[in-house]
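Enquirer: below: sequence and its predicted model.
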Amino acid sequence: MNGKKSEKKTIIALAAVLLLMAVSFAIFTTTLYIGGNGTSSTSSVTVNTTSWSVHYVNTSLNETSTIKATTKTLTDTDYSFNVQLNEPGDVYDATWNVTNDGNFDAVLNQINMSTLDAAQKKYLSYTITYDGVTYSESNTSLALDLAVGATKAIALHLEYLMPTDSADLPTTSQTISVSGNFVYNQKTTTP
């Protein structure tokens, strides 16, 4: 009886070893082919460089009004202008381009503009026009595409207004910061 128990244990052990060998063989003989041709014994994957490059085209800055900025700065997607408007009716206009020289489609998610206070809004108009749409204040809920290789026009308009009540005109010279930036992100697609 002891011999039969021992014989049973041996058979079970041999069956387990045989099963383990079969599973191991299956695992080691599975091959993943990534690429290549039938004659090469090596495979390779090439990963090309990519870049993110959404920026203003500094050479495109054009002051289209007779009044010129005393200083103007365009860096990446930030802008800043210092302009002297002397009397109601004075206007400053400038245009420039933003381009996508990178490898990824971009989307404009927000335009941040310096804010005019309530008193300044009575005698100064400050707008930015992007792709034909005019904005008079920051907008943080945009989704405007800028495809690879595309260029879009931006226009800045400043105007010294004559308020309804002349008492709303500034009584001393005012220095108002006119600056802002455009926030672009990589465009994502959903399947």
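Expert: Sure thing, it's come through. Numbers count the residues shown, from 1 in each chain.
Enquirer: next secondary structure after the lowest-mean-pLDDT helix or strand in the chain?
Expert: Every helix and strand of the chain was ranked by mean pLDDT, DSSP states H and E. The lowest is helix 2-29, at a mean of 65. Counting by DSSP states H and E, the next helix or strand C-terminal to helix 2-29 is strand 54-63.
Enquirer: who does that next one touch, helix- and strand-wise?
Expert: Secondary-structure packing of strand 54-63 (3 or more C-beta pairs under 8 Å, 6 or more residues apart in numbering; DSSP states H and E): strand 71-75, strand 91-100. In this view, the C-beta of every residue, glycine as well, is placed from N, C-alpha and C.
Enquirer: list the buried residues in the longest one.
Expert: What that stands for is strand 91-100. 92, 94, 96, 97, 98, 99, 100 (16 or more other C-beta atoms under 10 Å).
Enquirer: pLDDT wise, what is the second one at?
Expert: Reported pLDDT at residue 94 in the predicted model: 96.
Enquirer: surely it touches residue 68?
Expert: No: between residue 94 and residue 68 there is no contact under C-beta atoms under 8 Å: 9.1 Å.
Enquirer: quick one on the thing from earlier: need the buried residues of strand 91-100 in TSV (columns: distance to residue 73).
Expert: Listed next are the buried residues of strand 91-100 as TSV, based on distance: C-beta to C-beta, whole Å:
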residue	distance to residue 73
92	15
94	12
96	11
97	16
98	15
99	18
100	21
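Enquirer: of the residues you listed, closest to residue 155?
Expert: residue 94 (7.3 Å; C-beta to C-beta).
Enquirer: contact partners for the closest one?
Expert: 61, 62, 63, 64, 65, 69, 72, 81, 155, 156 (C-beta atoms under 8 Å, 6 or more residues apart in numbering).
Enquirer: pLDDT for those - can I get that in TSV?
Expert: Shown next, in TSV, are the contacts of residue 94 (pLDDT from 0 to 100):
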residue	pLDDT
61	93
62	94
63	94
64	92
65	92
69	91
72	92
81	94
155	96
156	96
